[in-house]
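In: this one's sequence-less:
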């Protein structure tokens, strides 16, 4: 993925984020969308949403958290 104005490498950030996911391809696609919109991905493989509130606030139509 191309880095946006924030200078974050979404592909690399999402590879780390999704490294323990049971569905890594799905995880990376969702993470990439969120990363492009927010220009940040929380550190680690789960949680840490307070470091990227925009990422945490995105939800699906069903009200579930969109970003992995």
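Out: Good, I have the coordinates. On a predicted model such as this, the values are computed, not experimentally measured, just so you know.
In: rest of the way, CA atoms for contacts and neighbours
Out: Will do.
In: what is the end-to-end distance of stretch 53-68?
Out: Taking C-alpha to C-alpha, to the nearest Å, the first and last residues of stretch 53-68 lie 13 Å apart.
In: low-confidence ranges, the chain, go.
Out: Counting by pLDDT under 70, the chain contains low-confidence residues at 1-6.
In: distance from the centroid: which residue in it tops it?
Out: When distances to the mean C-alpha position of the chain are computed (C-alpha atoms, centre = their mean), the maximum falls on residue 62, with 18.3 Å.
In: could you give the backbone dihedrals for that residue?
Out: phi -80, psi 0 (degrees, to the nearest 10).
In: tell me how far it lies from residue 36.
Out: From residue 62 across to residue 36, the span is 21 Å (C-alpha to C-alpha).
In: quick one, what contacts the residue farthest from the centre of the chain?
Out: Contact criterion C-alpha atoms under 8 Å, 6 or more residues apart in numbering gives no residues in contact with residue 62.
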